[in-house]
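1. build me a model from this:
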Amino acid sequence: QVQLVESGGGLVQAGGSLRLSCAASGHAFSNYDMAWFRQAPGKEREFVAATRWTGTLAHYADSVEDRFTISKDNAENAGYLQMNRLQPEDTAVYYCAADRPSTAWGIRPDDYAYWGQGTQVTVSS
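-> Numbering: from 1, shown residues only. Have a look, this model is predicted:
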């Protein structure tokens, strides 16, 4: 099975950018679809973005469309989430998730078997 470790979170002012990384190990990342979720205090974990095992297609939550970009580098066994024009409502713990390839976009936490430990993103106003 694959192990995932996120990095790149931090504190940023509104309007700023951050790039999250997801390092995969234990199994070839090319065998997995990948997604990013986030969870704010007191809220449920919510879908942010997903990409296919090839990294060639992407699907986004409406709230981040045109601001965030998901990517996947199978040669590096890594995934990324470029976040631009960040807003205070983007503040959350961000999680990388992976699962075997599917024909449908996985947008629920239950769609993914493998998870990282999360990285905190805080956006100040």
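
2. tell me which helix or strand the most centrally placed residue in the chain sits in.
-> Computing the C-alpha centroid of the chain and ranking residues by Cα atoms, centre = their mean puts Trp36 first, at 2.2 Å. Using DSSP states H and E, Trp36 sits within strand 33-39.

3. just the pLDDT at Ala24, thanks.
-> pLDDT recorded at Ala24 is 97.

4. revised request: answer the last question for Ala92.
-> For Ala92, pLDDT reads 98.

5. residue contacts, it?
-> Ala92 makes contact with 38-40, 43, 120-121, according to Cβ atoms under 8 Å, 6 or more residues apart in numbering. Bear in mind the C-beta positions are built from the backbone N, C-alpha and C, glycine included.

6. rewinding a little: nearest residue to the residue nearest to the centre of the chain in space, please, no chain neighbours.
-> In space, and not counting its chain neighbours, Trp36 is closest to Val48: 4.3 Å by Cβ to Cβ, 6 or more residues apart in numbering.

7. which residues does the one you found contact?
-> Val48 neighbours (Cβ under 8 Å, 6+ apart): 35-38, 60-61, 64, 68, 70, 81, 94.

8. show me which residues of the helix or strand where it lies are buried.
-> Val48 is located in strand 46-51, with elements delineated by DSSP H and E. By neighbour count with 16 or more other Cβ atoms under 10 Å, strand 46-51 contains the buried residues 47-51.

9. tell me how far it lies from the chain's centre.
-> Distance of strand 46-51 from the chain centroid (Cα atoms, centre = their mean, to the nearest Å) equals 6 Å.

10. repeat that for stretch 62-69.
-> Counting by Cα atoms, centre = their mean, stretch 62-69 comes out at 12 Å from the chain centroid.

11. Trp36 reaches Lys72, doesn't it?
-> No. Counting by Cβ atoms under 8 Å, Trp36 stays clear of Lys72, with 10.9 Å between them.
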